[in-house]
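Novice: The following block contains a protein sequence and its predicted model.
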Amino acid sequence: MADLIVQAAVKDQLTDHNVSSDFYDALDGEVKDLLADAAQRAEDNDRKTVQSRDL
């Protein structure tokens, strides 16, 4: 089950669409990958602070 995203917030943004139950898990996986990539970029630039430019 998704643990990084808030399902109600996602549903609120997609008001004109139905959302399948597996969408939340897939979105959660994408967010995890995005965060890992951002953290790696910060580390590669000798920073411990992840910044918006790391996205």
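Specialist: Good, I have the coordinates.
Novice: okay, D33: pLDDT?
Specialist: With respect to pLDDT, D33 scores 97.
Novice: helices or strands next to the one helix or strand it maps to in the packing?
Specialist: Element membership of D33, judged by DSSP states H and E, is helix 21-44. Contact here means 3 or more Cβ pairs under 8 Å, 6 or more residues apart in numbering; DSSP states H and E; on that basis helix 21-44 packs against helix 7-13. The C-beta positions use only the backbone N, C-alpha and C, and glycine is treated the same way.
Novice: List the contacts of the residue nearest to the spatial centre of the chain.
Specialist: The residue lying closest to the centre of the chain (Cα atoms, centre = their mean) is V31, at 2.1 Å. Shown in contact with V31 (Cβ atoms under 8 Å, 6 or more residues apart in numbering): L4, I5.
Novice: if I look at it, how far off is D46?
Specialist: Distance of V31 to D46, given as Cβ to Cβ, to the nearest Å: 25 Å.
Novice: just D28 next, same as before
Specialist: 29 Å.
Novice: Comparing these two, which shows the higher neighbour count?
Specialist: Higher neighbour count among D28 and D46: D28, with 17 against 6, using other Cβ atoms under 10 Å.
Novice: Tell me, how many residues neighbour the closest residue to V50 other than its chain neighbours?
Specialist: Closest residue in space to V50, ignoring its immediate chain neighbours: A42 at 4.6 Å, by Cβ to Cβ, 6 or more residues apart in numbering. Other residues near A42 come to 16 when the count uses other Cβ under 10 Å.
Novice: Having no further points to raise, I will conclude here.
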